[in-house]
Structures are given as C-alpha cells and as structure tokens.
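Chemist: Kindly generate the corresponding structure for this input.
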Amino acid sequence: MGITALGAAVIASRQDSTLLWLATWLAEAAVAIGIALWTTYSKARSAGTALLSGPGRRFVYSFAPPLFVGVLLTILLVRVGSIAAVSGVWLLLYGTAVVTGGAFSIRIVPLMGLCFMVLGTVALFCPSSWGNAFLAAGFGGLHLIFGGIIAGKYGG
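Modeler: Residues are numbered from 1 along each chain as shown. From the prediction side, this is the model:
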C-alpha cells in the first residue's frame, strides 16, 4: 500500500484542480482497500483460519467506524469547499482506525496509528498546499516503514 500511495502522490501533484486531486486519492483508497483485503485473506488462508474469526471480526468492528466517519466528513468538506482539510482529517481518522483495530494485533500496530494521528494533527495546521506531501508521508512513508518492521520482526 505504501508504494501505491507514493505513486498516487506523484499523480495527484500533477492534477489541475482540487477535485481531480481528491479523485486521485479516492482511487488510491480503493486500490489500498483491495490490497488490504487480498493480503489479509491470503494470510488467513495460509494460517488456516477464517477471515472473520473472533479477532478478525473485532478488528473490523474497531477499524470500520473511523473510516466511515472519514467518508462522511470528506463529503461534508467537499460540500462546504474545504477540501484543504481532507489530508489532516484522513490521516487522523485512519490513525484512529489503526489504533482501535490494532488493539487486537501486535503492539507496534497501535504505535503506527498514533504516528498517523500526529501527522494528521500537524497537517491540519500547516498550509493546505502541503496536504499532498502529508498524505505521501503517511500513507506512503509510514506504511513502508512500519510494514518493513512488521515483516522483518513478525513475519508480515
């Protein structure tokens, strides 16, 4: 997911309008969801467990609400013309989802979520022109850093 997010950041930076920029990142979100579902399914299958077993179900119940709120707030921000706040809001809510969902995972996952939340907080108070860089740093950089640590230390 980190690699596709960095690619999305490059594409988004070349868009002529904020709506095209947002569409690029929404397309990346769809790609990331597909990658997450496929890798999670593959890992569950290789471990011989059901995807929505007890821990998996608790993860979804904890992870999904902040993402749903992110969808609603994105619609609202577009309607009121505040697309500039999307970067900070997305990073904050994704971080919240990772912290809450990560409560049922290894210890480093909630830490990753906190890093997203810190980045999102900073993004809210920086110039809106930096939003793309913040999304690249979070969805690209943090995923690559923490993904590498998790793969190396915990086997993926």
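
Chemist: CA atoms for contacts and neighbours, from now on please.
Modeler: Fine.

Chemist: So which elements touch the lengthiest helix in the chain?
Modeler: Longest helix of the chain, by residue count under DSSP state H: helix 18-47. In terms of contacts (3 or more CA pairs under 8 Å, 6 or more residues apart in numbering; DSSP states H and E), helix 18-47 is packed against helix 2-13.

Chemist: Tell me what angle the helix it packs on forms with helix 18-47.
Modeler: Helix 2-13 runs at 170 degrees relative to helix 18-47, counting by axes from the mean of the first three to the mean of the last three CA atoms, to 10 degrees.

Chemist: how close does the residue lying farthest from the centre of the chain get to Phe68?
Modeler: Farthest-out residue of the chain from its mean C-alpha position, per CA atoms, centre = their mean: Gly48, at 26.9 Å. For Gly48, the distance to Phe68 equals 30 Å [CA to CA, to the nearest Å].

Chemist: Same check on Leu92?
Modeler: 13 Å.

Chemist: More neighbours: the two, which one.
Modeler: Neighbours per residue (other CA atoms under 10 Å) separate Leu92 from Phe68, with Leu92 holding more: 26 against 13.

Chemist: what about that one, helix or strand, and which?
Modeler: Per DSSP states H and E: Leu92 is located in helix 86-102.

Chemist: how distant is that helix from the center of its chain?
Modeler: Centroid separation for helix 86-102 versus its chain: 7 Å, with CA atoms, centre = their mean, to the nearest Å.

Chemist: for stretch 43-60, same thing?
Modeler: The chain centre lies 20 Å from the centre of stretch 43-60; the measure is CA atoms, centre = their mean.

Chemist: what's the span of it, first residue to last?
Modeler: Terminal-residue distance, stretch 43-60 (CA to CA): 16 Å.
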